[in-house]
Structures are given as structure tokens and as C-alpha cells.
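Trainee: Return atomic coordinates for the entry below.
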Amino acid sequence: MLMQLCKTNKLVIQINYSQLLTDYSIVKFSTTENYIKYGALILDEVGLKLSAKSIVFERGKSFYVLFDKNFISNIDLFKQLEKIEDGDKLSFKILDLNETKKIKQHSITQLVVNSIATPKHERLTYNNLTGKLYLFNTNHLRISKSKDKEQIFKIIGLEFYIDPNSCLQLNVKTFSNLLLNKSMDFSKKKMSAYPKYTFVHSTNTLRRILPSEKVSIDNQYILKQSIKKGTIEKSNIPFLDFSNLKEFKNSKIGILNDILNTINQKLSNYLQLDFKGTNIDHTIRHSNLFDFNNFDEDILLIDGIKDDYSNEYLESIKTELKKIIPNSRIKVSKAEDKYSFNIKLIHNKSFYLKYEHKDVYKPSLYIQHITLEDFKTNSKASLKAIVKELVIKNDINKNQVSIIDWSSFNFENNWIFGIRDKTDFYFLTIEPNGKIEFEKFESDLFNQNEYDELCDIYNENTNIEFIVKDDIGNVNIITRTNNYTIPEYQKISSILEKESREISITKSQVINAVNQVFDKEKASEYETQIISLENWNKDSLLNCFKNRIEKKKVVEKIQKDTGEILKSYFRDKTRYEILDSQLDIHSFKQDNSYYYFVGIKGKGIQQTISRASVIREITVYKNSEYIFDKLLPLMNVDFVKNGDLTVLPFPIKFLREWIKY
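Mentor: Next up, the predicted model:
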């Protein structure tokens, strides 16, 4: 099944400039200084003290402010600027229609969007802070509760950012409470230099703290993450969750759906936003290629801890591994063997630091390490990942692809994959029979021209991930873009909203559907249960049916006859109609350029999709031909990303592993 049309985060923007300037005035403020610092107080003071509707600032010496037409017509802006610290360093100009049209499209669109106010009684709030727009959902607050009070330690939100290419970026941002300041790194920028914000509980919004205000430290926040165990913490908001309406609204796509609805309701006189669609040329559906039942290599479990518990721990791993790879001989051993597959148990880094012991971890192509503190013996997914990693390391050692049957791709030529690591280039050549050869490419007198050419390729774009060559010299360059695919969020929202409603159909309507779906005996049995239900709701009704298949038959029949949705089934065949932009492998051509993206496996999808499907561009170098389409199947494997499809051809994984050792 080929997906016909896919939407991306590239915006199609229509602005009604005349209507916008009928109701509002746009003022361009410029500083006499060299530039405006990011986070400059003046960006928020203009909003707070001059009653601005919105502000947009990216970089440089200027920023734009949106005012109500009536307000700006009845004030002396020169005098108003006197209220602002460093206001005397600002000049301003009220823009006319022609000047407004000269503002870059992404900037004026952002300015208009930044003006939206939070709808009443909504859990999602909009915050135009320091020239940016942040979206906060109260479910993403990190709160510590005690008997006396609730303390919000982190406010996690999305920045709604339209980039210079008019592509929408939804980046997770974390505002941390200053009570966490000892867990933050201020070596590059002092804490005093960060803009401070306070949380307004009545509106669930953040507001800039002005110098004249005194706010207790427990209600001061800065845009910065804390550090845990030497690593900067990362806040996550899932890209899409369709398990129910609440979780959908908590996801990025759910938040996007809400803000676009608000934009359509409140700003439609001035602004129309839509996502650009593109026609898909080629689709590859997931097929399971790694069979654990065929794995029959010896595995040694090495005890690198050697205490009373570690041997018992390894025996437990042995038992679980045997369930996954029944044809493999597995035993606990005192020493590793480079001709076998070795799994070595050690402590994690934190343990060795805490107890000041020597860290025994050493990178090795013969050994896969697991840590006692972190590895779960009963995790089937983790154990499978370990086995796959061992096979990859063995393939690298033997210079032969065996984790998959390379000959099944029917390649008739060598393929060369290249990546850059710092100043060096590394290449992997794979022959049609799966034989592999690694090479580190360094500059010397004999290859200086070729080396300079590689440098030129990579210097043109810092987002280049790898290059691929065939044996006649065609070169394709693969670059990660800032674009990603957008699912049919309006359809998802509509279905989940209908599913969340209270039941409206009657028992007699359900009984009528049951009689049409099942035979007389089974229908009679269900009819008795339905009639006896005391609490008439969707959950109690659905619990009447014995299994998923029978439940689904009734749900589909009732939806067809009445339009009522008792339960959504996005994971079934409808997933390709609504979620295909997030599933499997797709490629397309647009404006004489080639692109591809990889989603999660279409078979057996989960209800949460953690990340967006990033679009990558394939550039044909100089006079080369487009060859990358032949390599799309190399991402239809689940042994690189633990149980999911890989976004880069799997030989890149081999190359990166080889570089490590």
C-alpha cells in the first residue's frame, strides 16, 4: 500500500495585510547599541509596560511589536518609552502597509501567532516571553507535594517556532526553579545573567520578573535544565499519543491541534495556516528480517564482579536468553574467548566513582558489556538487543555481513558508505556477497585532491550525515533537514473526542446490532448481559464482550449504523489511512530534490510515538546519478534501533562501531 499524500511541517501561509493593519499597528523598534541580547529585559518590558499584544525577536538590532490600533493612536510612544529601562536607546517606526509586507513572512506570521490569548478554562496556556511563544500544559509541570504546599520545580513546554524557511518547529523547553540552582552548570553563563520568570498560578502562565519586583526564590524560574549524575537532564513530550483524548492533548501533536484550532478561531481574519503536502513516490513496508531461532552461536557469560549475587544474576540471564535463542549454547565462564560471543557483567560508571574502584570497562569488538545496576534480566527487548549487538561485532571482526542475508538485496555492484569523524573520513565497502572492508581515509601527498573534495562536501552543510558511492563513482549526499512529517491530527482528534463522549445510544440499539453481528445463541447471551447492566456507559458495555474480535465487530457495526464511536482502533488497518506519515519507509521527489523519511514499524504499532519522522535530503553530487533509492531497503531492519526501524542504512552502524575500536 502506497501512501498518496503526506503533510510536512512546511507551512503554507496566507496573510491578510490590509485587515491586519485595520485592527492593529506594527511597530519596529531598533536599538542604538550593536545588538539586542537574547533574553534582554527590554523585550518583556515593552510587552508589560506598553500593553503590547505580542513581540517577536530573533536576533540583531531590531524587534517587532503588535499593538491594538486604538491604543497606539491614543498614546505618546516617546513618553511611554521613558517608563522602560534603556528605553532611551530605542528608536521606533510605525510601519505602513508596504513596510509591513517587507517583513519576512515567517517573522510577521510569528508576531501574529504570538498574540493569541489563552482560551478560558483551558489547560493549555500560551506565553509570549522575551519574543518567543511557549505553550504550557499543566500536565507537564513537575511538582513535589508536601503537607504544607505544592512546589513546582520544572515547567516543561513547547516553543512554537516558525523558522526562516517557514517550517514549524515544536521544541521542548524546560524552565527550572532556582531552588535547583545547585544542580545546574553556570560555568559559561552566570545565574544572574539569565532572565527570571515567575509562575502565575491563577492563569498557569509565566511572566518576566522586573528589577523592581521582589519574588521569593521558590517562584523564580530560568530557561535551563538541571544536571543529574553528570549529565544534563532531558525533558520529553511524546510526539503523538492516541491511547485516549487526554494523552493525545498532552502530546506534541495534540498541543499543535489545540493551538491551530485557537488560531483559526481568533486570527482567521488575518492569518491562514496549513501544512504543505507532498506526493509519495515509493513506500517500503516493514518485514521482520532477523530470526532468533536461526541463531546457534556459543555465548559465554563472563562474571566481571565475582560476588555472591553476580553468579546468580548471570544464571538468571542464561535462563532468559535460552528462551530467546533456543539453538544457542550458553554457559557461565570465568574468562572470555575471542572466538565466542561474550557478554560481560560489570558495575556501572557511578558505582566505580562512588566506591573509588577502577572502572573495568574497556571497549571491545569481542565483548558486549552489561551493568548489574541497570540491566534488567527479564527484559526480552534488552536481551534481544544484546544478541544483535554481538552479531554486529562478530560481522565486523570477520569482515562479513551475516546479521542479514546481503545477497537477498540482489546488488550487482560494490557499495561504499562514508562518514566524517572530526577531521578524518571513514569508509565501508560492501561487495555483492556481503564481504566488507573498512578504511580510514587520511590526507597525504597522493590523495590530497580527493581529501579536499570530501572536505568541501562536508563544509557546505554541517548537517550532512553520510555519503554513499557506487563503484563507478556516483556520489549521493544524505543530509538531515529540520523538516518532519505531520499525521492526520484533525482526524485523530475528532475520533478521540467522539470516543470520550458519554454514551448516547440505547440498549435496544446495541442489542439490534448484536443480533445482526452474531448467531442467535451468542446474540442471546450478550443480550442478557446488556439488559442487566446497571451502569450504562461505554466501558461497561465493552466489558460485556469476551474478546477483542467480537468487541470490534460490535463497535464497527454501531459506528456504521449510528455514527457513535465506542472505541477507536488506530492500530488496525486504519493506521495506514491516518498514521502512515509516521510508519515504515517512504521516499519522494520535490522541486528536483530527493527525500526520504523513516517512521516506526507499521506492524504492531504502540499507542505512543515518541519522536517525529525526520525528513532527510539526498543530494546528487556534481554529475552523479541518483542511486540512493536502491539502498532504502537497508533501513528495513530492526537490529540497529532496539526493535525499531533504523533511520540510516544499517552499514552506517557497522562503520561507527568499527571507529570506536
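Trainee: Return stretch 558-575 as PDB; C-alpha atoms alone will do.
Mentor: Written as PDB, here are the backbone C-alpha positions of stretch 558-575 (Å, rounded to 0.1, in the frame of the first residue of the first chain):
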ATOM      1  CA  ILE A 558     -22.700   0.600  15.800                       C
ATOM      2  CA  GLN A 559     -20.400   3.200  14.300                       C
ATOM      3  CA  LYS A 560     -21.700   2.400  10.800                       C
ATOM      4  CA  ASP A 561     -25.300   2.500  11.900                       C
ATOM      5  CA  THR A 562     -25.300   5.400  14.300                       C
ATOM      6  CA  GLY A 563     -22.000   7.300  13.900                       C
ATOM      7  CA  GLU A 564     -21.300   6.800  17.600                       C
ATOM      8  CA  ILE A 565     -17.700   5.800  18.400                       C
ATOM      9  CA  LEU A 566     -17.400   3.400  21.400                       C
ATOM     10  CA  LYS A 567     -13.700   2.700  20.900                       C
ATOM     11  CA  SER A 568     -11.000   3.800  18.500                       C
ATOM     12  CA  TYR A 569      -8.900   1.300  16.600                       C
ATOM     13  CA  PHE A 570      -5.900   3.200  15.200                       C
ATOM     14  CA  ARG A 571      -3.600   0.200  15.400                       C
ATOM     15  CA  ASP A 572      -5.700  -1.800  12.800                       C
ATOM     16  CA  LYS A 573      -5.900  -1.300   9.100                       C
ATOM     17  CA  THR A 574      -7.000   2.400   9.600                       C
ATOM     18  CA  ARG A 575      -3.400   3.200  10.700                       C
END
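Trainee: Buried residues in the one helix or strand residue 465 maps to, which are they?
Mentor: In the assignment (DSSP states H and E), residue 465 maps to strand 464-470. Buried positions in strand 464-470, judged by neighbour count with 16 or more other Cβ atoms under 10 Å: 464, 466, 467, 468, 469, 470. Quick note: C-beta positions are derived from backbone N, CA and C, even for glycine.
Trainee: Kindly report the same for stretch 127-138.
Mentor: Buried residues in stretch 127-138 (16+ other Cβ under 10 Å): 127, 128, 129, 130, 131, 132, 133, 134, 135, 136, 137.
Trainee: now that stretch: mean pLDDT?
Mentor: Average pLDDT, stretch 127-138: 94.
Trainee: Check the offset of stretch 218-236 from the chain's centre.
Mentor: 19 Å (Cα atoms, centre = their mean, to the nearest Å).
Trainee: contacts for it?
Mentor: 39, 140, 151, 154-156, 172-180, 183-185, 191, 194-199, 206, 209, 350, 610 (Cβ atoms under 8 Å, 6 or more residues apart in numbering).
Trainee: quick one: low-confidence parts of this structure?
Mentor: 1-3, 119-121, 147, 288, 443-447 (pLDDT under 70).
Trainee: now residue 163, nearest residue through space, not along the chain?
Mentor: Spatial nearest neighbour of residue 163, excluding adjacent residues (Cβ to Cβ, 6 or more residues apart in numbering): residue 169 at 5.7 Å.
Trainee: Any idea how many residues pack against that neighbour?
Mentor: Using other Cβ atoms under 10 Å, residue 169 is surrounded by 14 other residues.
Trainee: ditto for residue 143
Mentor: Neighbours around residue 143, by other Cβ under 10 Å: 11.
Trainee: And for residue 422?
Mentor: Residue 422 has 5 neighbours, counted by other Cβ under 10 Å.
Trainee: likewise residue 346?
Mentor: 22.
Trainee: could you check the distance from the nearest residue to it once chain neighbours are set aside over to residue 345?
Mentor: Nearest non-adjacent residue to residue 346, counting by Cβ to Cβ, 6+ apart: residue 304, 4.3 Å away. Look at residue 304 and residue 345: by Cβ to Cβ, to the nearest Å, they are 5 Å apart.
Trainee: more crowded one of these two?
Mentor: residue 345 (21 against 17).
Trainee: ok, the more buried one - contacts?
Mentor: 301-305, 310, 313-314, 317, 369-372.
Trainee: distance between the strand or helix carrying residue 426 and the chain's centre?
Mentor: Using DSSP H and E, residue 426 sits in strand 424-430. Its chain's C-alpha centre and that of strand 424-430 lie 29 Å apart, by Cα atoms, centre = their mean.
Trainee: Give the other helices and strands that it contacts.
Mentor: If you count contacts as 3 or more Cβ pairs under 8 Å, 6 or more residues apart in numbering; DSSP states H and E, strand 424-430 packs onto strand 415-421, strand 436-441, helix 651-660.
Trainee: ok, so what distance separates the residue lying closest to residue 366 once chain neighbours are set aside from residue 365?
Mentor: Once flanking residues are discounted, residue 366 sits nearest to residue 338: 4.6 Å by Cβ to Cβ, 6+ apart. From residue 338 across to residue 365, the span is 9 Å (Cβ to Cβ).
Trainee: Of the two, which one has the most company?
Mentor: Using other Cβ under 10 Å as the criterion, residue 338 and residue 365 rank with residue 365 on top: 15 against 10.
Trainee: Looks like that one contacts residue 397 (just checking).
Mentor: Yes. Assessed by Cβ atoms under 8 Å, residue 365 is found in contact with residue 397 at 5.5 Å.
Trainee: Kindly report the domain assignment for this protein.
Mentor: 14-113, 124-237, 292-398, 406-485+613-660, 504-565 (automatic domain parsing).
Trainee: out of the ones you listed, nearest to residue 283?
Mentor: domain 406-485+613-660 (9.4 Å; Cβ to Cβ).
Trainee: Pull the distance from the closest one to the chain's centre.
Mentor: So, by Cα atoms, centre = their mean, the centroid of domain 406-485+613-660 is 24 Å from its chain's centroid.
Trainee: same thing with stretch 193-204?
Mentor: That offset, for stretch 193-204, works out to 26 Å (Cα atoms, centre = their mean).
Trainee: Then stretch 256-266?
Mentor: For stretch 256-266 - counting by Cα atoms, centre = their mean - the centre lies 21 Å from the chain centre.
Trainee: list the buried ones in that stretch?
Mentor: Buried-residue list, stretch 256-266, by 16+ other Cβ under 10 Å: 256, 257, 258, 259, 260, 262, 263.
Trainee: Would you format those as a markdown table with secondary structure included?
Mentor: As requested, these are exported to a markdown table (DSSP: H, G, I helix; E, B strand; the rest coil):
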| residue | secondary structure |
| --- | --- |
| 256 | helix |
| 257 | helix |
| 258 | helix |
| 259 | helix |
| 260 | helix |
| 262 | helix |
| 263 | helix |
